[in-house]
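Trainee: Here's my sequence, what's the structure:
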Amino acid sequence: MDSHVNLAPQAKSGYITKNRVAVSLLFLINGFTVGSWAPKIPEFAERLDLSKFQLGLMILVLGIGSLTLMPLAGAQIARHGSRLVVLVMAVCLLPCLLALTLAPNIVTAAIAIFLFGGFMGAMDVAMNANAVAVEQSMRRAIMSSCHAFWSLGGLIGAGLGGLLIAHFGVFAHAVVATALAAITLAVAWNIVLADQPHPDTKKEKTRLPMVPLPWLLGLVALFSMMPEGAVLDWGALYLREELGASIALSGFGFAAFSLTMAAMRFAGDLVRDRLGGVKTLRICTLFAIAGMLLAGFAPNAEIAILGFAFCGIGISNMVPIAFSAAGNIPHLKAGIGISVVTTMGYSGMLVAPSAIGFVAEHIGFSVVFMALPVLLLVVLALSNLARYADGISGGGH
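Mentor: The predicted structure follows:
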């Protein structure tokens with residue numbers, strides 16, 4: 001998701017600017033909201049008496065909402081700039097946790113979860129575009145740290161959410177989470193970078209690339225984000241239903257995943273600069289495989305949470321590397337390559353978990369987590385494509 005800003009050549013600005021703080025807070029809000037949803041899923045399913053199959057359909061609706069509004073957000077960014085779009089989408093996202101908590105039946109819950117996914121995805125597109133604009137204004141790479149703040153938000157949302165739900169209930173949790181997100185948005189509001197819209201971009205014809213490289217990198221992103229979606233949407237339910245975790249403990253599966261992911265994303269640029277894209281991707285993939293296997297074979301919730309933490313280490317920089325490589329494919333415009341890879345990647349995180357629900361209905365979540373490493377082996381096989389990422393900075397969650 002690119003945002004092109006007309007900037008005169010200038011020296012690098014300071015490492016921290018108010019615009020960078022603002023966009024980092026936007027990533028924090030989005031991640032916090034997503035993380036706050038994770039510990040609500042078991043109660044959401046119990047309250048509406050949903051089977052794994054029905055819950056899978058609900059999560060599919062969430063993914064459809066995201067994939068529906070994400071391209072629409074891109075068009076609005078071209079017309080109005082990323083600042084307006086990201087702020088409007090953030091405001092729309094705020095009441096969604098309350099709507100999901102208060103939905104009295106499956107129909108209203110489906111509407112609420114469609115809007116939740118839609119506003120979440122649209123905000124994601126806009127905040128990434130704003131981060132690109134801030135990078136251009138600062139002449140510094142900041143994308144990895146922005147996505148680290150998203151992971152940090154997920155950690156806070158999941159960990160705090162599990163505790164609040166256990167002690168005060170789901171409604172109080174939704175109120176507190178919404179209030180915290182609103183306060184953070186208020187802090188960022190006046191310092192979000194106002195980039196220039198480019199309405200002329202809507203006149204350009206968009207064509208799908210005929211070369212295989214972006215599609216292969218899309219597979220890397222797709223198979224890298226599927227484990228993240230699995231931990232987000234099914235980790236808490238797996239810990240609670242199959243490993244007997246408490247409500248509070250069940251939220252720490254995604255929290256542990258987010259903690260290690262955030263830490264490695266803050267360090268991601270340094271690691272990649274030292275090891276190169278190919279070696280970094282291979283090491284990360286091996287960590288992710290080990291983590292998924294540990295979670296799947298875990299005899300108790302604590303070991304499974306440790307597995308999710310290892311998986312977070314691995315997944316952390318796999319998608320940023322794929323996005324970076326997509327923006328540096330020879331003889332292909334960066335925006336076209338990135339659009340293919342991001343669309344395929346986000347579909348893995350947003351839509352594929354619904355299929356996991358359908359499968360888990362029959363064979364259980366432990367088998368699913370043991371099977372996900374097969375997809376990661378494909379990433380390992382395609383890891384040589386990460387050579388295109390060297391020298392180019394990008395990001396993804």
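Trainee: buried sites along stretch 231-246?
Mentor: Using 16 or more other C-beta atoms under 10 Å as the test for burial, stretch 231-246 gives 231-243, 245. (Glycine included, C-beta is placed from N, CA and C.)
Trainee: Tabulate those in CSV, adding columns for pLDDT, secondary structure and distance to A131.
Mentor: What follows is the buried residues of stretch 231-246, written out as CSV (pLDDT from 0 to 100; DSSP: H, G, I helix; E, B strand; the rest coil; distance: C-beta to C-beta, whole Å):
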residue, pLDDT, secondary structure, distance to A131
V231, 88, helix, 24
L232, 80, helix, 21
D233, 80, helix, 25
W234, 86, helix, 29
G235, 88, helix, 27
A236, 88, helix, 29
L237, 88, helix, 32
Y238, 90, helix, 32
L239, 92, helix, 33
R240, 89, helix, 35
E241, 87, helix, 37
E242, 89, helix, 38
L243, 91, coil, 37
A245, 86, coil, 35
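Trainee: which other residues reach stretch 355-371?
Mentor: Residues from elsewhere that reach stretch 355-371, judged by C-beta atoms under 8 Å, 6 or more residues apart in numbering: 51-53, 55-57, 59, 229-230, 233-234, 237-238, 241-242, 292-293, 295-298, 307.
Trainee: try 7 Å
Mentor: Stretch 355-371 is contacted from outside by 51-53, 55-56, 59, 230, 234, 238, 242, 292-293, 295-297, using C-beta atoms under 7 Å, 6 or more residues apart in numbering.
Trainee: what about that stretch, start to end distance?
Mentor: 13 Å (C-alpha to C-alpha, to the nearest Å).
Trainee: And stretch 232-248, by the same measure?
Mentor: 15 Å.
Trainee: do stretch 88-107 as well
Mentor: End-to-end span of stretch 88-107 (C-alpha to C-alpha): 25 Å.
Trainee: just to revisit the earlier point, can I get the buried part of the contacts of stretch 355-371 as one ChimeraX selection?
Mentor: Only the buried members of the contacts of stretch 355-371 enter the following ChimeraX selection, criterion being 16+ other C-beta under 10 Å:
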select :52,55,56,59,230,234,238,242,292,293,295,296
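Trainee: Tell me which of the contacts of stretch 355-371 fall in helices.
Mentor: If you go by DSSP state H, the contacts of stretch 355-371 have K52, F53, L55, G56, I59, A230, W234, M292, L293, A295, G296, F297 in helices.
Trainee: Dump these into JSON lines; add distance to E43 as well.
Mentor: Shown next, in JSON lines, are the ones in helices among the contacts of stretch 355-371 (distance: C-beta to C-beta, whole Å):
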{"residue": "K52", "distance to E43": "15"}
{"residue": "F53", "distance to E43": "18"}
{"residue": "L55", "distance to E43": "12"}
{"residue": "G56", "distance to E43": "17"}
{"residue": "I59", "distance to E43": "15"}
{"residue": "A230", "distance to E43": "20"}
{"residue": "W234", "distance to E43": "15"}
{"residue": "M292", "distance to E43": "26"}
{"residue": "L293", "distance to E43": "29"}
{"residue": "A295", "distance to E43": "22"}
{"residue": "G296", "distance to E43": "24"}
{"residue": "F297", "distance to E43": "27"}
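Trainee: which one of these is nearest I183?
Mentor: I59 (28.7 Å; C-beta to C-beta).
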